[in-house]
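Undergrad: I would like to see how this sequence folds:
(one chain, ligands or ions: 1)
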Amino acid sequence: MNSKSKVLLIYTGGTIGMVQDIHSGDLKPFDFNQLFYHIPELKRLDVSIDIHTFDPIDSSNVSIDLWVSLVQLIYEKYNHYDGFVILHGTDTIAYTASALSFMLDGLNKPVILTGSQLPIGVLRTDGKENIITSIQIAADKDNDGKSMVQEVAIYFEYKLFRGNRSIKYSANHFNAIQSPNYPPLAEAGIEIEYNKNALWRPSSTNLSIHTTLNTDIAVLHLFPGINFETIQKQFSNQDLKALIIRTYGAGNAPTNKVFLNWLKTLINEGIIVLDVTQCLQGSVDLGKYETSRYLKEMGVISAKDMSFEASITKLMYLLGKEKDINVIKLLLGKNLRGELSE
Ligand code: ASP
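TA: Residues are numbered from 1 along each chain as shown. Now for the predicted structure:
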C-alpha cells in the first residue's frame, strides 16, 4: 500500500529541455537521459521515475501523430505507473492537454503536462520547480490509495489547472498558463493544497483511447470591416465538416445578410457551425442580444464557456468518433471531461 509511487516522465521537447551552449550562447536540446545530472534534487523525491523521450520538437510542430503516440504510450504503460508527467513546449501545451483529455476516456490516474519559460540549463529557470512538483502531483494519493488527480492537467508556476480549461496567457512571464473559466485544481505553497471540489472524477474508470481525429475544421475570426464576400470564397471547401466562428462578447456577430445567409447555407449542407467567443473569460449566451439571436435560430451551436483550444480539439474528437451530426451537435454542448459548465 505504501510502496513508492511510480511515475513515467515523458519528454516531447520545448524550452524546458534546453541548455545554453557556453560558447555560442545558443539554446539546444540536452540529452534527456542526463536529467538527473541537471536536476539532482529529483533523486530526493520518494518516487520511482522512468523516462521516455520522443525526438524533441518545438511545440509549434506538434501534430496529431504526437497526440496519438502519447495516448498509445499512456495506454500501454497504464498499469505499470501511478501517474504520467509530460514535458512539453508551452506554445501549444493547452491544445495537447485538451486533446488528450478527450482521447483518454475513463482516466483515473494523473496525466500532468508541464514546461517552462526558461530552459533547465539557465540559472533562473522555472523548469526545475515545475518538473519536481508535477512529479509529486502525479505520485500523490488520497487516504484510500487512489490518485488525487484523475484527469489531464497542466502544472505551471505553483498552480495546477484543468488541461482543457487552460490557455497560454503570457509569452514572457513565468505564469504563462492560466485557466480563466475554472479555478485551479491545486496550489503549491509549503504544501500542495488540492481544491477537492474542483477535481474531476470519471464516471467510468475503464481506460479506453480514441485515436481517430478529424481536422476538416475551419476557423473564422470576426473583426469589424470583415468582407464576407471574400470570406465565402476563402472558405468554400468540399471537405469542410465544421466551422468555428470566433465571435464578440457573449457570442455576438454582425447581422450582415451575406454573412447570415452563408451560415444558413453551410448549416443546411450539414456543416456544424460552432460559436466560440473571442473573450478569454465568460460564456457564449446565444439569444441574449439580437446579434446572436439569428445565429441561435438558424442552428449555430454554442461553445458556452469552452476555451478555443478545448472547442477545436473536442470537435476533432467528436468528428472522428461519431457519424451522426445530431449526436455531435448534442455532445458539443455536454460536459464530457470538465471542459464546460452546463
Ligand atoms: N517555443 C517553445 C515551445 O513551445 C516555447 C516553450 O517551450 O515555452 O516549444
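Undergrad: which parts of the stretch 1-150 of the chain sit against the ligand?
TA: By C-beta under 6 Å from any ligand atom, the part of the stretch 1-150 of the chain that sits against the ligand consists of G13, G14, T15, D58, S59, G89, T90, D91, G115, Q117. C-beta here means a position set from N, CA and C on the backbone, and glycine is covered the same way.
Undergrad: need phi/psi at the fourth one.
TA: With angles defined as degrees, to the nearest 10, D58 sits at phi -70, psi 140.
Undergrad: start the count at 733 instead of 1 going forward.
TA: In the new numbering, first residue 733, that becomes D790.
Undergrad: hang on, isn't it packed against G821?
TA: Yes: with contact defined as C-beta atoms under 8 Å, D790 and G821 form a contacting pair (5.7 Å).
Undergrad: list residues touching both of those two?
TA: Jointly contacting D790 and G821 under the rule C-beta atoms under 8 Å, 6 or more residues apart in numbering are G745, G746.
Undergrad: settle it for me: which of the two has more neighbours?
TA: G821 (23 against 13; other C-beta atoms under 10 Å).
Undergrad: F786 is in contact with that one, correct?
TA: No: using C-beta under 8 Å as the test, G821 is too far from F786 to be in contact (11.9 Å).
Undergrad: shared neighbours, the two?
TA: Going by C-beta under 8 Å, 6+ apart, residues that sit against G821 and also against F786 are T744, G745.
Undergrad: quick one: low-confidence residue ranges for the chain.
TA: Under the criterion pLDDT under 70, the flagged ranges of the chain are 733-734.
Undergrad: switch to 90 and redo it
TA: 733-735, 749-770, 851-855, 936-937, 966-970, 1074 (pLDDT under 90).
Undergrad: could you say which helix or strand contains the residue of it found nearest the ligand?
TA: Going by C-beta to the nearest ligand atom, the ligand is nearest to G821 of the chain, at 2.0 Å. Taking DSSP states H and E as the definition, G821 sits outside all helices and strands.
Undergrad: list the contacts of it.
TA: T744, G745, G746, T747, I748, I789, D790, S791, S792, V794, G847.
Undergrad: same deal with I1044?
TA: Y827, S830, I949, V951, I976 are the contacts of I1044 under C-beta under 8 Å, 6+ apart.
Undergrad: where's S968 relative to G957, distance?
TA: Between S968 and G957 the distance is 21 Å, computed by C-beta to C-beta, to the nearest Å.
Undergrad: what about those two, which has more around it?
TA: For S968 and G957, the more surrounded residue by other C-beta under 10 Å is S968, and the numbers stand at 10 against 4.
Undergrad: any idea which element the more buried one lies in?
TA: Going by DSSP H and E, S968 is not in any helix or strand.
Undergrad: can you pull the phi and psi angles for it?
TA: Per degrees, to the nearest 10, the backbone of S968 is at phi -80, psi 100.
Undergrad: still on that earlier bit, among the contacts of G821, who's most crowded?
TA: Neighbour-wise, the contacts of G821 (other C-beta under 10 Å) top out at G847, 30 neighbours.
Undergrad: please enumerate the helices of the protein.
TA: Secondary structure of the chain (DSSP state H): helices at 767-770, 796-809, 825-835, 859-871, 960-966, 989-1000, 1022-1030, 1040-1053, 1057-1064.
Undergrad: which helices and strands sit right next to the fourth one?
TA: In other words, helix 859-871. strand 737-745, strand 779-789, strand 815-819, strand 843-846, strand 884-888, strand 924-926 (3 or more C-beta pairs under 8 Å, 6 or more residues apart in numbering; DSSP states H and E).
Undergrad: of the ones you listed, which is nearest K760?
TA: strand 779-789 (9.5 Å; C-beta to C-beta).
Undergrad: so for that closest one, what gets flagged as buried?
TA: Using 16 or more other C-beta atoms under 10 Å as the test for burial, strand 779-789 gives V779, I781, T785, F786, P788, I789.
Undergrad: same check on stretch 830-843?
TA: Those would be 830-837, 839-843, for stretch 830-843 by 16+ other C-beta under 10 Å.
Undergrad: buried only: go through the contacts of I1044 for me.
TA: Here, 16+ other C-beta under 10 Å leaves Y827, S830, I949, I976 buried among these.
Undergrad: tell me the contacts of the nearest residue to the third one once chain neighbours are set aside?
TA: To tie it back to what came earlier, the one meant is I949. Distances taken as C-beta to C-beta, 6 or more residues apart in numbering place A974 nearest to I949, at 4.7 Å, with adjacent residues excluded. The contact partners of A974, by C-beta under 8 Å, 6+ apart, come to D948, I949, A950, I1003, I1004, V1005, L1006, L1047, L1051.
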